[in-house]
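>>> Sequence first, then the predicted structure, then my questions.
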Amino acid sequence: MGPYCAQILSDLGADVIKLESPSGDTTRALGPARAAAHGGMFINMNRGKRSIVIDLKQPAGRDVLMTLVRRSDVFLHSMRRSAIGRLGLDYATLAQINPRLVYLNLYGFGSTGPYANRPAYDDVIQAMSGLAAAQTELAGGEPSYVASVIADKVGGLTGAYALMAALYERERSGQGQEIEVPMFEAMTAFMFVEHSTGGAFVPPIERPAYRRVLSPDRRPYRTADGYISVLIYNDGHWRRFAQLLGSPPWADDPRLASLRMRDQNLDFVLRTVSEALLTDSTANWLSRFEEAQIPAAPILSTSDLLDDAHLAAVGFWHETSDEDGALKLAGIPTRFMRTPAAIPGAASKLGADTRDVLAEAGIPEAQIDALFAAGAAGVSETA
């Protein structure tokens, strides 16, 4: 959650300093890697950031952080409130040093509720936000997680837009402030965008559930030789779909006559499409749907995306390199026509930027040498 939030800020031009303990961010060790503590997930999520190693448990290390806070716009962390408090790095303390500081807490749960200070990871929040239970209707009657750390990423996105709003407000008021983004609340809000439905009324007039996405028949459709994704949604889509099939018997079925009727008869709608698509190949259906302007797509894997023609044409993939070889990183999805964003480089090795960052902060070279010698700051080749 925290690293993704900061990645967005880095991509948009912020100078992001990633403070790591001597053992390093645990995600450095996840997945395949060409060099120790420098896996592919870490490289992509921490691109463009500068890495410094500071031991915050040493008074001298904490003093270094305070020096950096004095000249920073934003301080963000994804630790529990009790843990950040034990380090003496709460908002009240840092605001005394820098009243213009925008301070972002990325938590599992809001600090004033009964779940405050519980540990949380993505799986826990998927379970508690209703997402895992919603999957029950799609996964053979058992709750399941989606194949993405979606709660972490929703939290990171929420944190990024909250920070930008606070920075904009600071330009007007001249004052910083503390922000709290709890994953549980952020993911619940995310779920209720479409699932509010009957739960939006007091008392609820129906369970909060958007039926279309909960139907077990909502899944990639089989064709004569594979699978396809298609959403025949509005009335125009349905008329053109019927025309593609030569006006089949169901063309005038009242259950398909309008969006409202189709919403009330979703299982019938999805089964009707499913049966029809078995009659032709994936390639033919894609061609026919494109001509009829009905949204359809092949089923692509993450490996397919590395060579996707559209992503190549729009310059999505960012090719760069580090000391260990060539890299291909996911690009920036937003496009600014006057001030384009850019990925400034690959992720730093653990602590590689410590000396430069401390020197920029005005710490004398002799003091930096002393910090390195004491283990309060430094560079770690392995983790």
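Nice, I can see it. What you see is a predicted model, and the numbers here were worked out from it, not measured in a lab.
>>> Any stretches of the protein with poor pLDDT?
Flagging of the chain using pLDDT under 70 yields the residue ranges 139, 381-383.
>>> Which parts of the stretch 51-200 of the chain are helices?
59-70, 81-86, 91-97, 122-128, 131-134, 150-173, 183-195 (DSSP state H, counting those that start in this stretch).
>>> Between the ones you listed, which one is closest to residue 338.
helix 150-173 (17.3 Å; CB to CB). (Each C-beta comes from the backbone N, C-alpha and C, glycine too.)
>>> Just want the angle from the closest one to helix 183-195.
Helix 150-173 runs at 100 degrees relative to helix 183-195, counting by axes from the mean of the first three to the mean of the last three CA atoms, to 10 degrees.
>>> Let the chain start at 184 from now.
Sure, I'll start numbering at 184, so the last one becomes helix 333-356.
>>> List the buried residues of helix 333-356.
333-335, 337-343, 345-346, 349-350, 353 (16 or more other CB atoms under 10 Å).
>>> Pull the residues that contact it.
184-188, 190-192, 256-257, 259, 283, 285, 287, 289, 304-305, 308-309, 312, 314, 359-360, 362, 364-366, 369-370, 373 (CB atoms under 8 Å, 6 or more residues apart in numbering).
>>> Could you give the separation of stretch 367-381 from the chain centroid?
From the chain centre to the centre of stretch 367-381 is a distance of 16 Å (CA atoms, centre = their mean, to the nearest Å).
>>> What is the nearest of the buried residues of helix 333-356 to residue 436?
Of these, the one sitting nearest to residue 436 (CB to CB) turns out to be residue 333, at 36.3 Å.
>>> any idea how far residue 381 is from residue 394?
10 Å (CB to CB, to the nearest Å).
>>> Which one of the two is surrounded by more residues?
More crowded of residue 381 and residue 394, by other CB atoms under 10 Å: residue 394, with 16 against 13.
>>> gap between the residue nearest to the more buried one when sequence neighbours are not counted and residue 347?
Distances taken as CB to CB, 6 or more residues apart in numbering place residue 449 nearest to residue 394, at 5.5 Å, with adjacent residues excluded. Distance, residue 449 to residue 347, using CB to CB: 38 Å.
>>> Ramachandran coordinates for residue 512?
Main-chain torsions, residue 512, degrees, to the nearest 10: phi -110, psi 150.
>>> try residue 202
phi -90, psi 120.
>>> That one contacts residue 235, doesn't it?
Yes. Counting by CB atoms under 8 Å, residue 202 touches residue 235, with 5.6 Å between them.
>>> Which residue of the two possesses the greater neighbour count?
Higher neighbour count among residue 202 and residue 235: residue 235, with 25 against 20, using other CB under 10 Å.
>>> Compute the distance between that one and residue 512, please.
As judged by CB to CB, residue 235 and residue 512 stand 22 Å apart.
>>> Show me what residue 405 is bridged to.
residue 410 (DSSP bridges).
>>> what sits against it?
457, 460, 461.
>>> do the same with residue 239
202, 204, 245, 248, 270, 272.
>>> just residue 276 next, same as before
With CB under 8 Å, 6+ apart, residue 276 has no contacts at all.
>>> how near is the residue nearest the centre of the chain to residue 186?
Residue closest to the mean C-alpha point of the chain, counted by CA atoms, centre = their mean, is residue 336 at 2.4 Å. Residue 336 sits at a distance of 11 Å from residue 186 (criterion: CB to CB).
>>> Can you identify each of the strands in the stretch 334-483 of the chain by residue range?
Remark: strands assigned in the stretch 334-483 of the chain by DSSP state E, counting those that start in this stretch are 360-365, 404-405, 410-413, 479-480.
>>> what's the most buried one of those strands?
Most buried of the strands of the stretch 334-483 of the chain by mean neighbour count (mean count of other CB atoms under 10 Å) is strand 360-365; its value is a mean of 20.
>>> what domains does the record give for the chain?
Split into domains by automatic domain parsing, the chain comes to 185-374+488-561, 404-481.
>>> can you list contacts of stretch 449-461?
394-395, 398, 400-401, 404-407, 411, 413, 415, 424, 428, 431, 433, 438-439, 445, 468.
>>> Show the buried residues in these.
394, 398, 401, 404, 406, 411, 413, 415, 424, 433, 439, 445, 468.
>>> quick one: the fourth one and residue 410 touch, right?
The one in question is residue 404. Yes. With contact defined as CB under 8 Å, residue 404 counts as touching residue 410 (6.6 Å).
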